[in-house]
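[1] sharing a sequence plus its predicted fold:
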Amino acid sequence: MADALLSIVLTRLASVVEQQIRDELTLVLGVEAEIQSLTDTLRSIRDVLEDAERRQVKEKSVQGWLEKLKDMAYQMDDVVDEWSTAILQLQIEGAESASMSKKKVSSCIPSLAFGIKQQLHVIASQRSQFNFISSLSEEPQRFITTSQLDIPEVYGHLLGETCQETKSGPYIISIVGTGGMGKTTLAQLAYNHPEVKAHFDERIWVCVSDPFDPIRIFRRLLKSSKDNLLISIFGSFTTKIQTCIAGKKFLIVLDDHSQLRGVGSRILSTTRKESVVKMVGTTYTHSLEELSREQARALFHQIAFFEKSREKVEELKEIGENIADKCKGLPLAIKTLGNLMRSKHNREEWENVLCSEVWQLDEFERDISPALLLSYHDLPPAIQRCFSFCAVFPKDSVIVRAELIKLWMAQSYLKSDGSKEMEMVGRTYFEYLAARSFFQDFEKDDDGNIIRCKMHDIVHDFAQFLTQNECFIVEVDNQKKGSMDLFFQKIRHATLVVRESTPNFASTCNMKNLHTLLAKKAFDSRGIDLSRNRLIEELPKEVGKLIHLRYLNLSLCYSLRELPETICDLYNLQTLNIQESIIRKLPQAMGKLINLRHLENYNTRLKGLPKGIGRLSSLQTLDVFIVSSHGNDECQIGDLRNLNNLRGRLSIQGLDEVKDAGEAEKAELKNKVHLQRLELKFGGEEGTKGVAEALQPHPNLKSLDIFNYGDREWPNWMMGSSLAQLKILHLRFCIRCPCLPPLGNCILEELGILNMHGVQYIGSEFLGSSSTVFPKLKELRISNMKELKQWEIKEKEERSIMPCLNDLTMLACPKLEGLPDHVLQRTPLQKLYIKYSPILERRYRKDIGEDGHKISHIPEVKYSYSWD
């Protein structure tokens, strides 16, 4: 961790000199030499940090030395950041008063050098007392993980196959085992088993973690219930839960840990403590024993020797078996070490792990897994820093990958090397940690990318151990005000668990050294998350003084209507999230935020964007771009020209304000090569084909939505091969178009045609001219086509049409007389949904419809009456 912090400071010092040369700033005499001296000293200290990190566990004096070094590095980082920010302010505010500003900026360097130099001199002199060994770090690699577990015994008890019912209450099953045995994993597999899902009317999962809070647990139980209940804070929680589940078979999982009744119901508890088993009145105890020696070795072999040659396996097999034996049969330890050893390819590296002194540490037998420590020490310093930061999240938190990367970026943990953006570096680090088993419970998108995850509680404990003087999770109430002032002076990253009744607590805490503040009910900080806070009605204008701030999350703040103009003084701000808020207008000087990379403004009440947005060429995220009708103060379509780093999703609204094609061409959408999803929202007016033509996107586009297009003809780029990579297309409310564009040549996987009231007939022109029509289309939805009467496929020559179609939805097509036989009988259709289309429903009823036999082979067919 200290290594990564020093690397950040070294990078900043180099940046200071680079800025001085580039901007022709004159430093105070001798300052440049002082910077070089600091740099040399920091580099010499950094060379021994790998050894120091390893020795701190058993040598308290080394641990104390590292703590002093980290504290100094944080201070130095803040001071250099202030200096860089002052230079940035010069660039933004222009050259008129540059000479005076330069003098002011330069004069702050001696104070930095004097204060830090004194601390650094002491720390550097102490270094020689420890006889550290110099070493170098390796670059990260990417690996694959695997896991497997058998669960029939547990879900047998859940389903009642191996147990007797109790008259006094639900049957309680406790899974007991030491940390890292797989208790939660086993409970999850049982909880999500299809037979278990079908068996219970209600399934509720609650994580019971320290500190134990019955009120919070009851809240979670009620929130997890399918019944939409409004619960008063002062209500009888137990009574309300009993009412909620009365007469139903329910399954409640208390993870990491009740007087509830219900015939056939189950409570499944996971715990490390036998005392908890007795306390909850367990009916059946399932003890998770350590893996046998043979099982442990087999699991380790499966992971560690993945893709290794037979010769290499023979060479390392005996060492691997001895390493597996040291894991004492704990699956988490075996998996962690297996993933570590998969990256090691020579005998010496394997022997170093086997003979590591970490295995001799009594402290870790009680608290922390040696396997985790070994795997952590093998991480490059930058990734160590990213992992340890995760201690700021409460246990069992769902961690959103994209937000975690932005928080890492806000701490300057991610360094772009020119060929990779910081966000890409962050994704690489995340995948590396995931592959080493530091993250788990992955939720993935359709492309297989991890979007959310959790940390095992043992891994979380380890992260907290590493950051015991830096990261804290604190419960705040008004009674602790005095102690909180002192407390906040000593920490860098905090998550505040705030009771709903707590007023504006931020003013009660001295947060001058804080870099990260995460709060769900809620200021010198690098990242502030105030999302989902209904109490915030305005931000104080003093927010502009938080010059280090790089991440600000105000999403779902339903009472916040505007931002202060001083927010535009946050020159280092990288992420501003105002999604799902009622903010109506952004500050006019937004163009000063030249480091802004992510402006997340989906689903707000904004009517326009300030003109300066078009100058923010570093922007990668801009959910919504609004073409304004309010003249020169707000963005026009041409202000998109320089935003060529935009990626992900972009919705362009207000296209009815674009008067001609020449104006639309200024947006240069064809140059937005990183965009994946595009929405074009027109105003329904005629004569907009030229504008649409000029808005041709880059062929890399994956998803396109067109709303309210008012012309009768489609732009030419929708007719040919310009959409070569398009997978998802939705055409909505294009009411004047009498026909559909020829889309059969595209590799679409999902196609939606909605509210196109001008279309009365769909024929072969829709299919295009390729030999295989819609070759990858899986899902087709035709909805609210009030005038559509016929859909036919008349082919003179044999072509493959929709060979992958799996799902067809026909919604609210009241005049449509029939569906093409080819679609119904010559595609691998698995789902057919017909709703609010009376003619189709009568014709294709499986039991009595005249063409019911044409769909008899389709496994899942639903009509209006079966949807309600």
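    Perfect, I can see it now.

[2] I'd like the average pLDDT over stretch 793-807.
    Mean pLDDT, stretch 793-807: 87.

[3] actually stretch 694-703, sorry about that
    94.

[4] can I get the CA coordinates of it in PDB?
    C-alpha atoms of stretch 694-703 as PDB (Å, rounded to 0.1, in the frame of the first residue of the first chain):
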ATOM      1  CA  ALA A 694     -26.400  13.800 -41.300                       C
ATOM      2  CA  LEU A 695     -26.500  12.000 -38.000                       C
ATOM      3  CA  GLN A 696     -25.100   8.700 -39.400                       C
ATOM      4  CA  PRO A 697     -23.400   6.900 -36.500                       C
ATOM      5  CA  HIS A 698     -20.100   5.000 -36.600                       C
ATOM      6  CA  PRO A 699     -20.400   1.400 -37.800                       C
ATOM      7  CA  ASN A 700     -19.100   0.200 -34.400                       C
ATOM      8  CA  LEU A 701     -22.500   1.000 -32.900                       C
ATOM      9  CA  LYS A 702     -24.100  -1.900 -31.100                       C
ATOM     10  CA  SER A 703     -27.600  -0.500 -30.100                       C
END
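
[5] got the buried residues for that stretch?
    Buried positions in stretch 694-703, judged by neighbour count with 16 or more other CB atoms under 10 Å: 694-698, 701, 703. In this view, the C-beta of every residue, glycine as well, is placed from N, C-alpha and C.

[6] what's the answer for stretch 559-576, then?
    Result for stretch 559-576 [16+ other CB under 10 Å]: buried residues 560, 563, 566-576.

[7] just the closest of the residues you listed to Arg347, please.
    Nearest to Arg347 among the buried residues of stretch 559-576: Gln574, at 45.0 Å, using CB to CB.

[8] any regions of the stretch 351-500 of the chain where pLDDT drops low?
    Across the stretch 351-500 of the chain, residues meeting the criterion (pLDDT under 70) sit at 361-368, 418, 474-490, 496-500.

[9] let me see the ranges of the strands in it.
    Assigned by DSSP state E, counting those that start in this stretch, the strands in the stretch 351-500 of the chain fall at 399-400, 440-444, 450-454, 471-476, 493-498.

[10] can you put those in TSV and add distance to Pro814 and mean neighbour count?
    Below are the strands of the stretch 351-500 of the chain laid out as TSV (distance: least, CB to CB, whole Å; neighbours: other CB atoms under 10 Å):
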stretch	distance to Pro814	mean neighbour count
strand 399-400	42	16
strand 440-444	39	14
strand 450-454	39	17
strand 471-476	57	18
strand 493-498	53	21
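
[11] out of these, which is closest to Glu315?
    strand 440-444 (31.1 Å).

[12] against Ile303, how distant is the nearest residue to Phe306 once chain neighbours are set aside?
    Once flanking residues are discounted, Phe306 sits nearest to Arg342: 5.7 Å by CB to CB, 6 or more residues apart in numbering. Noted for Arg342: a distance of 6 Å to Ile303, by CB to CB, to the nearest Å.

[13] looking at the two, which is more packed in?
    Neighbour totals were compared for Arg342 and Ile303, and Ile303 leads with 23 against 20 (other CB atoms under 10 Å).

[14] which SSE is that one in?
    Per DSSP states H and E, Ile303 falls inside helix 293-304.

[15] I'd like the next helix or strand past that helix.
    Counting by DSSP H and E, what follows helix 293-304 is helix 310-326.

[16] name the helices or strands packed onto that next one?
    Helix 310-326 is packed against helix 293-304, helix 331-341, helix 347-354, with contacts defined by 3 or more CB pairs under 8 Å, 6 or more residues apart in numbering; DSSP states H and E.

[17] burial of Glu538, as a residue count?
    11.

[18] and what of Glu537?
    11.

[19] for Asp446, same thing?
    The number of residues near Asp446, taken as other CB under 10 Å, comes to 9.

[20] from Val48, how far out is it?
    47 Å.

[21] ok, now Leu701?
    From Leu701 to Val48 the distance is 51 Å (CB to CB).

[22] what do you get for Leu704?
    55 Å.

[23] got it, and Ala667?
    54 Å.

[24] neighbour-wise, which of those two wins?
    Using other CB under 10 Å as the criterion, Ala667 and Val48 rank with Ala667 on top: 22 against 18.

[25] and the strands in the stretch 601-750 of the chain?
    With DSSP E, counting those that start in this stretch as the criterion, the stretch 601-750 of the chain has strands spanning 621-622, 624-626, 648-653, 675-681, 703-707, 728-732, 750-754.

[26] okay, these in a markdown table with distance to Leu530 next?
    As requested, those are exported to a markdown table (distance: least, CB to CB, whole Å):
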| stretch | distance to Leu530 |
| --- | --- |
| strand 621-622 | 19 |
| strand 624-626 | 21 |
| strand 648-653 | 23 |
| strand 675-681 | 27 |
| strand 703-707 | 31 |
| strand 728-732 | 33 |
| strand 750-754 | 36 |
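
[27] nearest to Gln468, of those?
    For Gln468, the closest of the strands of the stretch 601-750 of the chain is strand 621-622, at 34.4 Å, according to CB to CB.

[28] pretty sure Ala661 sits against Thr688.
    No. The criterion here is CB atoms under 8 Å, and Ala661 misses it with Thr688 at 9.5 Å.

[29] how about low-confidence regions in the stretch 701-850 of the chain?
    Residue ranges of the stretch 701-850 of the chain with pLDDT under 70: 720, 796-797.

[30] all the helices of the stretch 51-200 of the chain, residue numbers only.
    Per DSSP state H, counting those that start in this stretch, the stretch 51-200 of the chain carries helices over the ranges 60-93, 98-127, 152-158, 183-191, 194-199.

[31] mean pLDDT lowest for which of the ones you listed?
    helix 152-158 (a mean of 52).

[32] list the contacts of Phe439.
    399, 430, 433, 450, 453-455, 459 (CB atoms under 8 Å, 6 or more residues apart in numbering).
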